[in-house]
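S.K.: sharing a model prediction with you, sequence too.
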Amino acid sequence: MASEAKQQQQQQSILVTGGAGFIGTHTVLQLLNEGFRVSIIDNLDNSVEEAVDRVRDLAGSNGSRNLQFHLGDLRNKDDLEKVFSQTRFDAVIHFAGLKAVGESVAKPWLYYSNNLIGTLNLLEFMGKYGCKKMVFSSSATVYGQPETIPCVENFQLKAMNPYGRTKLFLEEIARDVQKADPDWRIILLRYFNPVGAHPSGQIGEDPKGIPNNLMPYIQQVAVGRLPELNVFGHDYPTKDGSAIRDYIHVIDLADGHIAALRKIFATDDIGCTAYNLGTGHGTSVLEMVAAFEKASGKQIPIRLCPRRPGDATAVFASTEKAQKELGWKAKYGIEEMCRDQWNWASKNPWGYRPQP
Ligand code: NAD
Ligand code: UD1
């Protein structure tokens, strides 16, 4: 990129909510590498400040100059006032939220309160301080159990659990906010299944407790923290009987956010628009296990189990809209996803924490 364009960006400040988390850290690093100034607000509910320190180190002089961390909670308006009164933001990337489906079924109040109230407060402060550009983390969960695949952005939306409903409601709220005040420019990014880690092996996903999602679970089996992988469902009408998903490298996902940000800055009439971020390719659970075994050289013992309630047979993205309108396309395949996930896991078997 021309140095003039980089310099211009250097004057652009981005607020990243939830920037200490899995997708947040990878996106903040790409933003810093691209010359943006970044402020993070995170309550460290599902993350640690060490992750932010590692991002700062990886970004070198851009990290020491252009990254600020605020410990704060979006449900607390005093925390938001502090952050917004200190810096004039050009745009917000909003990752902060709770994301465990099972927990959301057990504690719906917590999910509605954290994800909805947190976002309503954020929108209020963005309006108050005249920052009306937002990239929002939505999810393929808003397609529910799709009747046809690939999932296209104009499909009818439905949610299967409280977590999914928070994403569905927040998409609707974003559309209403933008309709009421056309100065707003909002992009809703519907992520498919983010996996992998930064190739340095310094940052990656570090879930608390027993992982719910496939790849962190496989990773913990590979490093000996868990004995075997439960494969949920081996009688699906797929080539090997296991379910199919669209796994996407977190680095591609982070690049998708930069593309969305550029689109927002460049397009007066973007309105409130949704894009899928996926690869468009489906991979089965057993194929993913085989790819990880190959990348790590470790054997992953499996136990074939009944289907997990609420799971769809096959979900993958239509990627045409993002490719055409954002000029973005995923570059990495499952080999790179597994290679980088294993690199992170082998260097950090206990995540950011020391071995207990
Ligand atoms: P993550 O849990 O690693 O990161 C979320 C961050 O938000 C955490 O650091 C957490 O401490 C912070 N946070 C939560 N509530 C907060 C609050 N009230 N105030 C301030 N900070 C708060 O999750 P992630 O995987 O990086 O996901 C980021 C976003 O993307 C989430 O909104 C999630 O729902 C969405 N998403 C994730 C996936 C996935 O598989 N990882 C898929 C689709 C959508
Ligand atoms: C899950 C969430 C979805 C969220 C997405 C983000 C559910 C029901 N859905 O999607 O809302 O947006 O994460 O990435 O939780 N699997 C196993 N063994 C395991 C874990 C998973 O076999 O220990 C299988 C699952 O049955 C599924 C596949 O692996 O077929 C992927 O599972 P997971 O990583 O949890 O993602 P999703 O279910 O697609």
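M.R.: That came through fine. Residues are numbered from 1 along each chain as shown. Ligands and ions are numbered 1, 2, ... in the order given.
S.K.: select the longest helix from the chain.
M.R.: Criterion DSSP state H: the longest helix present in the chain is helix 162-180.
S.K.: so, low pLDDT: which residues of this protein?
M.R.: By pLDDT under 70, the weakly predicted segments of the chain are 1-10.
S.K.: got a list of contacts for the longest helix of the chain?
M.R.: The contact list for helix 162-180, computed with CB atoms under 8 Å, 6 or more residues apart in numbering, reads 97-101, 103-105, 108, 111-112, 115-116, 119-120, 123, 134, 136, 138-139, 141-142, 144, 157-159, 184-186, 188, 271-272, 274. (Glycine included, C-beta is placed from N, CA and C.)
S.K.: from those, which would you call buried?
M.R.: Buried by 16 or more other CB atoms under 10 Å: 97-101, 103-104, 111-112, 115-116, 119, 123, 134, 136, 138-139, 141-142, 144, 157, 159, 184-186, 188, 272, 274, out of the contacts of helix 162-180.
S.K.: which of those fall within strands?
M.R.: Those of the buried ones among the contacts of helix 162-180 mapping onto strands are M134, F136, S138, S139, R185, I186, L188, C272, A274, per DSSP state E.
S.K.: can you narrow the residues you listed down to the ones near ligand 1?
M.R.: Among those, proximity to ligand 1 is found for S139 (CB under 6 Å from any ligand atom).
S.K.: among the ones in strands among the buried ones among the contacts of helix 162-180, which one sits closest to ligand 2?
M.R.: Proximity of these to ligand 2 (CB to the nearest ligand atom) peaks at S139, which lies at 3.9 Å.
S.K.: what about the nearest residue to that closest one once chain neighbours are set aside, distance to K208?
M.R.: Sequence neighbours aside, K167 is the residue nearest to S139 in space, at 5.1 Å (criterion: CB to CB, 6 or more residues apart in numbering). According to CB to CB, to the nearest Å, K167 and K208 sit 21 Å apart.
S.K.: between these two, who's got more neighbours?
M.R.: Neighbours were tallied for K167 and for K208 using other CB atoms under 10 Å; the higher tally belongs to K167 (23 against 11).
S.K.: what residues does this structure have near ligand 1?
M.R.: Contact residues (CB under 6 Å from any ligand atom) of the chain with ligand 1: 18, 20-24, 41-47, 73-75, 95-99, 114, 118, 137, 139, 191, 194.
S.K.: again, only this time at 5 Å
M.R.: Within the chain, the positions adjacent to ligand 1 are 18, 20-23, 42-43, 45-47, 73-74, 95-97, 99, 114, 118, 137, 139, 191, 194 by CB under 5 Å from any ligand atom.
S.K.: mind listing the strands for this protein?
M.R.: All strands of the chain, identified by DSSP E, fall at 13-17, 37-42, 67-71, 91-94, 133-139, 185-191, 193-195, 229-232, 244-245, 247-249, 272-277, 283-284, 302-305.
S.K.: switch those strands over to JSON lines; also include distance to Q323.
M.R.: Converted to JSON lines, those look like this (distance: least, CB to CB, whole Å):
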{"stretch": "strand 13-17", "distance to Q323": "24"}
{"stretch": "strand 37-42", "distance to Q323": "26"}
{"stretch": "strand 67-71", "distance to Q323": "30"}
{"stretch": "strand 91-94", "distance to Q323": "21"}
{"stretch": "strand 133-139", "distance to Q323": "17"}
{"stretch": "strand 185-191", "distance to Q323": "14"}
{"stretch": "strand 193-195", "distance to Q323": "18"}
{"stretch": "strand 229-232", "distance to Q323": "32"}
{"stretch": "strand 244-245", "distance to Q323": "20"}
{"stretch": "strand 247-249", "distance to Q323": "14"}
{"stretch": "strand 272-277", "distance to Q323": "10"}
{"stretch": "strand 283-284", "distance to Q323": "20"}
{"stretch": "strand 302-305", "distance to Q323": "35"}
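S.K.: turn those strands into JSON lines, columns for distance to ligand 2.
M.R.: As requested, the strands of the chain are exported to JSON lines (distance: least, CB to the nearest ligand atom, whole Å):
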{"stretch": "strand 13-17", "distance to ligand 2": "18"}
{"stretch": "strand 37-42", "distance to ligand 2": "19"}
{"stretch": "strand 67-71", "distance to ligand 2": "25"}
{"stretch": "strand 91-94", "distance to ligand 2": "16"}
{"stretch": "strand 133-139", "distance to ligand 2": "4"}
{"stretch": "strand 185-191", "distance to ligand 2": "7"}
{"stretch": "strand 193-195", "distance to ligand 2": "4"}
{"stretch": "strand 229-232", "distance to ligand 2": "4"}
{"stretch": "strand 244-245", "distance to ligand 2": "5"}
{"stretch": "strand 247-249", "distance to ligand 2": "8"}
{"stretch": "strand 272-277", "distance to ligand 2": "11"}
{"stretch": "strand 283-284", "distance to ligand 2": "8"}
{"stretch": "strand 302-305", "distance to ligand 2": "7"}
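S.K.: what is T283 paired to in the beta sheet?
M.R.: With DSSP bridges as the criterion, T283 is bridged to R245.
S.K.: from ligand 1, how far off is the residue lying closest to V152 once chain neighbours are set aside?
M.R.: Distances taken as CB to CB, 6+ apart put S318 closest to V152, at 4.5 Å, once the chain neighbours are dropped. Per CB to the nearest ligand atom, to the nearest Å, S318 is found 17 Å from ligand 1.
S.K.: count of neighbours near S318?
M.R.: For S318, the neighbour count with other CB under 10 Å is 17.
S.K.: list the contacts of it.
M.R.: P150, C151, V152, E153, N276, G280.
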